[in-house]
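*Asks:* Okay, here's the prediction I keep looking at, along with the sequence it came from:
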Amino acid sequence: MMALVSTEYLAQSEVAIWEAQHADALEIAKRPHLARYLAPADAETFRTRCRQLRDLPETVRDLNERFLVGRLAEDSGAFDRLETNPLTENQRRAIVTSEDTTLVIAGAGTGKTSTIIGKVDYLVRRGLAKPAQVLVLAYARRAGEELKDRLGRLGAAGGAHVSTFHALGLRIVAEVEGTKPSLSPLADDDDARRRFLRERARELLSDSEGQRLLVAFLASHLDDEVLAPGPDASGDARIRHEQALGLRAISGQKLKSREEVRIANWLTLNGIAWEYERPYPVPTATPWHRQYQPDFYLPDYDLYLEHFGINERGEPAPGIDGAAYRQAMEWKRALHSHHGTTLVETYSYMKDRGGLIANLEALLSSYGVVPQPLSGDDVATITADNNRPFTDFVNLLAQFLSLHQGAGSDRAAVESRARSKRDRVFLEIFWRVFDAYRAELYRTGRIDFDDMINRARDYVRTGRFRSDFTHVLVDEFQDISLNRLGLLQELRAQRPHGRLFVVGDDWQSIYRFAGSDVGIITHLSDRVGATARVDLDVIFRYPQELLDATGAFVTANPGQLKKSLRAHRGSARELPIAVVFDETRVSSTQASASLNTVLGEIVAAARGKDIEVFILGRYRFNAPEDLDELTSRWSSQRIRLTFLTAHSAKGKEADYVIVVGLEAGEYGFPANIADDPVTRMVLSDEEQFPYAEERRLFYVAMTRAKQRVYLIAPRDKASPFVENDLLGPDLGRYVEVIGEASARHLCPRCGGTTIRRKQGQYGTFWACAHFPLCHGKLDACPHCREGGLASEQSGRLQSFRCTSCQRTADACPRCRAGYLAARTGRFGEFLGCSRWNGGNGCTYTRSA
């Protein structure tokens, strides 16, 4: 019976061929009882062969492991001498492994470039491939030049073909078509592409159907319920969700809820003038209540409109005090009735009873309001160049275009993934814009990068381009898109036993906006078949503590691949991360004092050595306003300062990293802007974990440091990555805190946190972090002056307990909002409500 033997690594494609050629042997292996007809020595060999072939996958694993052990021993000297330092055990195993696809997971600072160079050298030195049969692909020209330069020092291995994806695509297309195609300015100029898309979007307003589609999408951008929080979500969760969506009407004005945005958009598009939260004409402000501001005022009809977020039972959303909410509703109704002003009311439950807008239109009609739908020109005026919703829409078109072309999927495939009416409306718009984009490329006789890759893939697949490459190596594979993966697969398929060797790190996948798809690397075998994974497990850049902290941070997302890593340098002498709480509200541009404090600490630790420091921000506008002055001042202390965005810092390293702009909010870090749900139609694997890509980007920022990371955050509005993760129970042991964060207390209204300590006219209180979307607050403790007084309920008795010192205070039985405080009057001590407010508030008193 034929045995499965080889002097090299056995790939699954080779095993499949062997199985097909030896089907008779596999069938005989199912009959070990035939051994009794053989001589004793032959019978034992027969039984061994039967056992091996019955469990062929395990046999192949054993054979490959024995091969790896032997080959690593034979090539030990070559691997020791390849680079300045000997290669690690797993770098060597990755190089020698030769599965149909070998996936090398190379974390930040693990020596991925050395592994790629070692693979090329191994293939050529061992005679497994000629230099011309090896293709090494990089994404950036600079990375490709570095690979080419380092390979050139190795003699014969320098003959390998090193290219970027774009250069390879250009070469294939030029060879097949006979002329070198010209790239469109729309290919590599993001501003030019966005200008083109903006112009095409505006052209939609020139015809009635295009206007209908665009207006419908802009006016309903909050209607998609796919990613909405569930009915039992807390008030805090709903507010965070709505903040992430961007609560702006198409006029550009920011509002406080999704339903208010829908109302405002309908009013705008139907020519009904409105003012948002215009102060009521009669003074209502008291020391403990602000001036009443109705949701909407319609000046042409002298109508006030209040939208109440209640269900049919009169209950507000979970986390909101129902009794207080209904009391406020009654107060507003009584106020309007008393002063003779007209109040129109809408309710959240109307969306389930004919629709919110239909009910609104009927109500307003009964008060004589006549809708006058805007013309296309009028809508165009509203969606001016500086209008935020329209700009966001153009950016969405650009992102969708990149993802769609990167996926290389056809229209039918995209449309089959539409899950809502809003998806279908968007696709109607997108196909019109996409057709105009393709027509522009055709008109000018040019192509873009994705078109070039797609054409190249088709030419390889149909055989019009014949490849000599038996081994294709890819750097930064976490940035791969589906169309580039398709090109790789077609190249491999052209050569018998072709191999893919891809190196990347899913933890550093940060270019989804450019078409990359992290789901490819995390589920690679589903796409390409048999895949051997080897993890580079030694980090050369930074100490173990920074490795542990950043690894735990990024894998809080269960969708990231798990890895076992260790630092070559061992442990550090200090905590790897320092959080610096800054007193200023805008930590990126006004934190010079904090920056100087950090830089002074770095100079002291450097002890006269030259030091490189990166200041990293989520956006370019995070650069310190006095960057030039800072750079000049600290250069005399042998500090070289460079500001980079977190994206542009990828692939770079510095001794120390200072991350600025770590604020919570729409343009903070993480950027509190939700990915539009329509993008799920062009992604292979929709990510469910909140801020998944932002988390990876923050990981990239932190892992640029060789020594230590400093994170500068405003004390009263710090990034959730700082507050919830790095200062949480799991990671807090890795972090030094410099300065003091605002205390955190549970908001009694939305269930979020009250973090801003404010001084009011009648004392200190803690305001909700979501103000003005939430007006929840806690009184400051009269005993310790540090904590907030949180409400407690025991049966029918209500009291307050300090979140800091834990002392209690009785609730005022009259207003139930204040607590009973000890006071001294003409007749001695008594207890009075804390909301007395100089006689303008609650006047409840009782004997001490």
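*Replies:* Received it, and whenever you're ready, just let me know what you need.
*Asks:* looking only at pLDDT, what's the mean for stretch 12-32?
*Replies:* Per-residue pLDDT values over stretch 12-32 give a mean of 77.
*Asks:* What is the end-to-end distance of that stretch?
*Replies:* Start-to-end span of stretch 12-32 (Cα to Cα, to the nearest Å) is 25 Å.
*Asks:* Pull out the buried positions in that stretch.
*Replies:* 12-15, 18, 22, 25-26, 28-29, 32 (16 or more other Cβ atoms under 10 Å). Just so you know, the C-beta spots here come from the backbone N, C-alpha and C atoms, and that holds for glycine as well.
*Asks:* Stretch 521-537 too?
*Replies:* 521-522, 524, 527-528, 531-532, 534-537.
*Asks:* Now, those residues that are in helices?
*Replies:* 521-522, 524, 527-528 (DSSP state H).
*Asks:* In the buried residues of stretch 521-537, find the pair that's most separated.
*Replies:* 527 and 537 (24.6 Å; Cβ to Cβ).
*Asks:* pLDDT score for the nearest residue to residue 680 once chain neighbours are set aside?
*Replies:* Spatial nearest neighbour of residue 680, excluding adjacent residues (Cβ to Cβ, 6 or more residues apart in numbering): residue 686 at 4.6 Å. Residue 686 is assigned a predicted lDDT (pLDDT) of 71.
*Asks:* Could you look up the SS state of residue 686?
*Replies:* Classification of residue 686 using DSSP: H, G, I helix; E, B strand; the rest coil returns coil.
*Asks:* Okay, domains of the protein per the record?
*Replies:* 12-54, 89-183+450-536, 185-234+376-445, 272-371, 544-741, 748-847 (automatic domain parsing).
*Asks:* Redo these as a markdown table? Include distance to residue 255.
*Replies:* Formatted as a markdown table, those follow (distance: least, Cβ to Cβ, whole Å):
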| stretch | distance to residue 255 |
| --- | --- |
| domain 12-54 | 57 |
| domain 89-183+450-536 | 27 |
| domain 185-234+376-445 | 10 |
| domain 272-371 | 6 |
| domain 544-741 | 14 |
| domain 748-847 | 10 |
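*Asks:* To residue 75, which of those lies closest?
*Replies:* For residue 75, the closest of the domains of the chain is domain 89-183+450-536, at 7.1 Å, according to Cβ to Cβ.
*Asks:* That closest one spans what distance, first to last residue?
*Replies:* Chord length of domain 89-183+450-536, first to last residue, is 9 Å (Cα to Cα).
*Asks:* go on, stretch 723-736?
*Replies:* Stretch 723-736 end-to-end distance (Cα to Cα) = 13 Å.
*Asks:* Same question for stretch 20-29.
*Replies:* End-to-end distance of stretch 20-29 (Cα to Cα): 15 Å.
*Asks:* Show me which of the buried residues of stretch 521-537 is closest to residue 692.
*Replies:* Set against residue 692, the nearest of these by Cβ to Cβ is residue 522 (11.1 Å).
*Asks:* Distance of the closest residue to the closest one other than its chain neighbours relative to residue 563?
*Replies:* Using Cβ to Cβ, 6+ apart and skipping the chain neighbours, the partner closest in space to residue 522 is residue 506 (5.2 Å). Plainly put, residue 506 is 9 Å away from residue 563 if you go by Cβ to Cβ, to the nearest Å.
*Asks:* Residue 57 now?
*Replies:* When residue 57 is compared with residue 563 (using Cβ to Cβ), they lie 24 Å apart.
*Asks:* repeat for residue 640
*Replies:* Distance from residue 640 to residue 563, by Cβ to Cβ: 32 Å.
*Asks:* And those two? Which one has more around it.
*Replies:* Regarding residue 640 and residue 563, a neighbour count based on other Cβ atoms under 10 Å identifies residue 563 as having more, with 17 against 14.
*Asks:* What confidence value was assigned to residue 68?
*Replies:* Residue 68 is given a pLDDT of 96.
*Asks:* rewinding a little: how many other residues sit next to the residue nearest to residue 680?
*Replies:* The tally of other residues near residue 686 (other Cβ under 10 Å) stands at 14.
*Asks:* Many thanks, we can stop here.
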